[in-house]
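Colleague: model this:
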Amino acid sequence: MLRLFYTVSLYFLTPFLLLRTLLRAIRASQHGNRWYQRFGFIPKIPSHRQVVWIHCVSVGETLAAVPLIKKIQTDYPDRILVVTTTTLTGSERVKSIFSDDVYHVYAPYDLPYAVRRFLKQTHPSLVIIMETELWPNMIHYCSHANIPVVVANARMSSKSLKGYKRFSSFTVSMLKKISYVIAQYDNDGKNFLELGLPESKLMIAGNIKFDSSLESDLVNKASKLKAEWSDVGQRKIFLAASTHFGEDEIILEAYKQIKISHPELLLIIVPRHPERFNSVANLFSRHKLSFVRRSNNPKITINDQILLGDTMGELMLFYGLCDVTFVGGSLVPVGGHSLIEPAIWGAPIISGPFLHNFLDVSKLLKNVEGMAICKDSISIAETVSGILKDANKSKRMGNAAKLIADSNRGALEKITKIIDSEILSQ
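Modeller: Numbers count the residues shown, from 1 in each chain. Next up, the predicted model:
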């Protein structure tokens, strides 16, 4: 009954969904010729090979899926991998990493006709949902078609738990239709069990992002750019990654304070969302700071104070060439962003206090002093300055962060065992 009410509500919202999708298509030309995919209108996938559907919401989930996708490609080269996202940034990341090696389309809205059409066109033999994107109709129609659904690298924060518990009977019914939930940490698993997931369907595996590897081409490119942008070590590089509205101003104020003791400092700011690139550029101009855009592929000179990271898919590269990094979404109540990528590089990490989406990883890093927590521009300036002027402190923080990254590998193997059992049983 609740799913019926949910579905009827979605049908009432369909005109607004259509308008929203069309507006996004107009604003972003990359969306323009594919907006209809959100309603299940996609080309039919050849039926002579089995299909695995891997659903990622955006960039974070896509990055988490990379080791798993590569593993499936290696172990099951005859499978067609359909990777869906719901955002342009996620789509661009899939393309930049896998090119045409996977079949990318936008995920359908959770409308019955859209989901059914999508399943009819793809005929997946297995569905893997990355992290936590639980759509009732999607899961219902997969279950109805006897398609196993696995939630991999699953997260369930206390905040999300409260939201799902408001519709407990609805949630229990949905969870019973899922084959497995492979959760990141004990707290995530505990929250899924509290929602009604049968214990037999739960596995704790850790975070699969720790199993990401640094490709030699990426390492070489980072080394080359670091030498070029740092003027062969004469300039330090401070990266502010995945910033949100309200954070850029704080970072700029901190940057001005840091420059008193490190006048040569190069700041790289990478806004989380592409639609903010121009507004952040205007912010630099208002502060009378000289900057260049990465999209223009500039030759950076000592006169350039800031590099605006207005390209897609290069954040991992920037983590590899910075001397210290701030990870955004944490000075404002967004809940933070992944801390694992800078840890893999061994970069000293700074974060704001809002980390409720990444409590387990942040706790690991804080326990070994691989990360510092700052609450405002003053504390950021003091912390960054302290790291830049103390090579030993910088090395200790970076090594501690990398130790956490290296010692927490292994989730991929555990997840793969479940995936193997689902694929091999078909």
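
Colleague: from here on, just use CA atoms for contacts and neighbour counts.
Modeller: Fine.

Colleague: touching, residue 219 and residue 320? I think so.
Modeller: Yes. Look at residue 219 against residue 320 with C-alpha atoms under 8 Å: they come within range, at 7.2 Å.

Colleague: can you map out the strands along the chain?
Modeller: In the chain, the segments counted as strands under DSSP state E are 51-55, 80-85, 103-106, 124-130, 149-154, 180-183, 202-204, 237-243, 266-271, 291-293, 306-308, 324-327, 349-351, 371-373.

Colleague: in CSV: these, plus mean pLDDT.
Modeller: Output for the strands of the chain, formatted as CSV (pLDDT from 0 to 100):
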stretch, mean pLDDT
strand 51-55, 97
strand 80-85, 97
strand 103-106, 96
strand 124-130, 97
strand 149-154, 98
strand 180-183, 97
strand 202-204, 97
strand 237-243, 99
strand 266-271, 98
strand 291-293, 98
strand 306-308, 98
strand 324-327, 99
strand 349-351, 99
strand 371-373, 98
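
Colleague: could you export the ones you listed as JSON lines, including mean neighbour count and distance to residue 408?
Modeller: Formatted as JSON lines, the entries for these read as follows, by neighbours: other C-alpha atoms under 10 Å; distance: least, C-alpha to C-alpha, whole Å:
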{"stretch": "strand 51-55", "mean neighbour count": "23", "distance to residue 408": "24"}
{"stretch": "strand 80-85", "mean neighbour count": "22", "distance to residue 408": "26"}
{"stretch": "strand 103-106", "mean neighbour count": "21", "distance to residue 408": "30"}
{"stretch": "strand 124-130", "mean neighbour count": "23", "distance to residue 408": "19"}
{"stretch": "strand 149-154", "mean neighbour count": "26", "distance to residue 408": "14"}
{"stretch": "strand 180-183", "mean neighbour count": "27", "distance to residue 408": "14"}
{"stretch": "strand 202-204", "mean neighbour count": "20", "distance to residue 408": "13"}
{"stretch": "strand 237-243", "mean neighbour count": "24", "distance to residue 408": "23"}
{"stretch": "strand 266-271", "mean neighbour count": "25", "distance to residue 408": "27"}
{"stretch": "strand 291-293", "mean neighbour count": "19", "distance to residue 408": "36"}
{"stretch": "strand 306-308", "mean neighbour count": "22", "distance to residue 408": "32"}
{"stretch": "strand 324-327", "mean neighbour count": "25", "distance to residue 408": "20"}
{"stretch": "strand 349-351", "mean neighbour count": "24", "distance to residue 408": "17"}
{"stretch": "strand 371-373", "mean neighbour count": "22", "distance to residue 408": "16"}
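
Colleague: residue 219 and residue 320 - which one has more neighbours?
Modeller: The residue with more neighbours, out of residue 219 and residue 320, is residue 320; 25 against 15, by other C-alpha atoms under 10 Å.
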